[in-house]
Each structure stands twice: as structure tokens, then as C-alpha cells.
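J.: Got a sequence here, can you model it:
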Amino acid sequence: MADFELTFLGTGTSVGIPMIGCDCETCRSTDPRDKRTRSSIYCRTSEAAWVVDTGPDFRTQCLRENIRSLDAALFTHPHMDHVTGFDELRRFTIDEGHYIPIHAMPSCLAALERMFDYAFNGENRYRGYLKPWPQPIRGPFKVGETLVTPLPVVHGKVEAIGFLFTRGGRKLCAYISDCKTVTPEAEEAMQGVDTLIIDALRHTPHPTHLNFAEALAFVKKLGARQNYFTHFQCEIMHAREEPKLPPQVRMAYDGLKLTWG
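T.: All right, here's what the predicted structure looks like:
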């Protein structure tokens with residue numbers, strides 16, 4: 001297998017595409033690239049596999065991609081479209097003594113512990129139950145041989161982060177799903193990264209997300225070799241919008257796989 005493989009489990013905004021009750025051109029599209037579940041990625045190396053965020057479509061995403069084992073779950077922030085599939089992680093902690101590391105900022109872990117108290121309170125450690133092992137993020141950490149660096153970003157009033165994945169000293173990929181502003185600290189950490197994956201909600205300005213123009217400006221500023229937009233609203237139709245982008249910028253879609261040798 002490739003040294004590092006990343007699969008887009010979902011590339012949609014908080015309501016998913018098609019959106020309930022919407023008859024717009026994108027929501028009625030038959031293009032599979034316009035069928036978007038909530039944003040999440042799955043990363044796999046020869047020694048470890050992990051997911052970033054577990055939204056309400058997480059079970060369907062795991063079945064679609066035939067995900068059978070996970071060594072960790074990472075979380076960007078505690079908004080509902082990124083955490084409400086958390087209980088589906090129980091299938092990865094079947095044995096009584098099997099725990100799954102949960103990497104998140106302390107504020108996000110606290111939110112998860114409130115929402116899923118039964119999993120964290122220590123009273124349910126039976127076979128088949130969800131058994132999380134909280135790992136507060138206070139700096140870079142490792143999953144297998146991959147160095148994971150948290151990337152602080154501004155996303156409304158919630159504390160949010162992206163992740164930079166580095167192997168053998170190579171900055172392979174940065175993933176920022178929800179963001180209005182990239183902090184100077186995060187931008188510095190990403191210098192020299194091969195691939196940037198970044199929030200690009202729509203063309204219309206939004207108070208807590210980058211729109212296409214803002215995302216393109218950051219892409220130009222950072223200068224990664226290749227770039228992928230994600231977390232789209234139904235204002236964005238894949239076949240209509242991707243041809244307008246610069247050659248080094250593509251639109252992600254559910255099921256797309258990226259690899260690094």
C-alpha cells in the first residue's frame with residue numbers, strides 16, 4: 001500500500017447534500033460528486049488507521065469504505081455535524097479491554113464527555129460497548145509513525161483546529177475542514193506542506209467559513225503543491241465550479257482517495 005492514504009469520507013456542510021426540502025440544481029443533481037455526507041476523512045498507513053471527526057453519517061461512511069479497524073479518532077471541534085456519530089465507534093472497541101484513543105482539544109473532549117456521558121463515566125466497560133480513551137491535545141502527537149500537529153483556526157465562537165500530518169520529516173497533508181481564519185501559528189506550521197485540504201463553503205460570504213474567494217487567496221499565500229476544497233454547501237455544483245479553479249486546486253468529493261508514496 002501507499003505510505004499514506006487519505007479518503008474523504010464526507011465533503012458536505014452541516015446539513016448534507018441533498019439538503020432536506022431543497023429543490024436546487026445541486027440537490028437534484030445526479031452527479032455522484034454532488035451527493036455529500038458530512039465532512040470527515042479516514043487516514044491509513046502500514047501501521048495505523050484513524051478517522052478525523054465522526055458526523056451523523058459516520059456509520060454509512062464506514063460501510064461504504066469497508067472500514068474494519070481504527071487505532072484512533074481525532075476531532076476538530078464539537079459542532080454536531082462533526083461529533084454526532086461518535087457512538088458508532090463502539091464497533092472498534094468490541095473486546096472488553098479494547099479502548100480507542102480520542103484525540104481532541106480539552107474543550108472538545110469536555111463537550112464529548114457531556115454529550116456521551118455513558119461512554120466516558122467508566123460504568124460501561126462491557127464487550128461491544130464504546131470505550132473511549134481521552135487524549136487531550138496540548139501539542140503535536142503521534143498516531144503510529146505519523147506526527148500529527150494541531151492547527152489552530154478561527155471558526156465562530158467554538159475552539160477549532162485542523163491537523164497537519166508529517167511522516168519521515170515530510171509534511172504530507174494539512175486538513176482544515178471548518179475555518180474562517182487560519183492563525184499565524186497554523187500558517188507557519190504548514191509552510192512546505194505538499195497538500196492542503198481546506199474549507200470552501202460557497203461563493204457567498206459566511207461569518208464562520210471561508211468562501212471560494214477567501215480559500216483561493218489562502219491557497220495562493222501558502223503555496224502548497226496541490227490543494228483540495230471541501231465542506232461544500234449546495235450553492236456549489238461540482239461540474240460547474242471545478243473547471244473554473246486554477247490547475248493546482250481541485251474540489252474533493254465523497255470517496256476520493258489521495259496517496260503519498
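
J.: so how many other residues sit close to the residue nearest to Pro132 when sequence neighbours are not counted?
T.: In space, and not counting its chain neighbours, Pro132 is closest to Ile102: 4.6 Å by CB to CB, 6 or more residues apart in numbering. In short, each C-beta sits where N, CA and C put it, glycine included. When neighbours are defined as other CB atoms under 10 Å, Ile102 has 24 of them.

J.: In stretch 34-47, which residues are buried?
T.: Across stretch 34-47, burial judged by 16 or more other CB atoms under 10 Å covers Asp34, Lys35, Arg36, Thr37, Arg38, Ser39, Ser40, Ile41, Tyr42, Cys43, Arg44, Thr45.

J.: typo on my end, it should be stretch 55-68
T.: Gly55, Pro56, Asp57, Phe58, Thr60, Gln61, Cys62, Glu65, Ile67.

J.: can you put those in JSON lines and add pLDDT and distance to Glu159?
T.: Formatted as JSON lines, the buried residues of stretch 55-68 follow (pLDDT from 0 to 100; distance: CB to CB, whole Å):
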{"residue": "Gly55", "pLDDT": "98", "distance to Glu159": "18"}
{"residue": "Pro56", "pLDDT": "98", "distance to Glu159": "21"}
{"residue": "Asp57", "pLDDT": "98", "distance to Glu159": "24"}
{"residue": "Phe58", "pLDDT": "98", "distance to Glu159": "22"}
{"residue": "Thr60", "pLDDT": "98", "distance to Glu159": "28"}
{"residue": "Gln61", "pLDDT": "98", "distance to Glu159": "25"}
{"residue": "Cys62", "pLDDT": "98", "distance to Glu159": "27"}
{"residue": "Glu65", "pLDDT": "98", "distance to Glu159": "29"}
{"residue": "Ile67", "pLDDT": "98", "distance to Glu159": "27"}
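
J.: nearest to Gly122, of the residues you listed?
T.: Distance to Gly122 across the buried residues of stretch 55-68 (CB to CB) is lowest for Phe58, with 23.8 Å.

J.: isn't Pro134 right next to Ile100, touching?
T.: No: under the criterion of CB atoms under 8 Å, Pro134 is not in contact with Ile100, lying 10.3 Å apart.

J.: of the two, who's got more company?
T.: The residue with more neighbours, out of Pro134 and Ile100, is Ile100; 19 against 15, by other CB under 10 Å.

J.: give the contact list for the more buried one.
T.: Residues near Ile100 by CB atoms under 8 Å, 6 or more residues apart in numbering: Leu70, Asp71, Ala72, Ala73, Leu89, Phe92, Thr93, Lys131, Pro132, Trp133.

J.: Start and end of stretch 83-93, how far apart?
T.: 17 Å (CA to CA, to the nearest Å).

J.: got the buried residues for stretch 117-133?
T.: Buried, per 16+ other CB under 10 Å, within stretch 117-133: Ala119, Phe120, Tyr129, Leu130, Lys131, Pro132.

J.: returning to what we had before: which one of the buried residues of stretch 34-47 is nearest Ala239?
T.: Asp34 (8.1 Å).

J.: who does the lowest-mean-pLDDT helix or strand in the chain touch, helix- and strand-wise?
T.: Ranked by mean pLDDT, DSSP states H and E, the helix or strand of the chain with the weakest confidence is helix 117-120, at a mean of 95. Other elements packing on helix 117-120 under the criterion 3 or more CB pairs under 8 Å, 6 or more residues apart in numbering; DSSP states H and E are strand 132-136.

J.: Just checking the distance from the least confident helix or strand of the chain to the centre of its chain.
T.: Relative to its parent chain, helix 117-120 has a centroid offset of 23 Å by CA atoms, centre = their mean, to the nearest Å.

J.: hmm, who's touching it?
T.: With CB under 8 Å, 6+ apart as the contact definition, helix 117-120 has outside contacts at Phe86, Asp87, Leu112, Glu113, Asn124, Tyr129, Leu130, Lys131, Pro132, Pro134.
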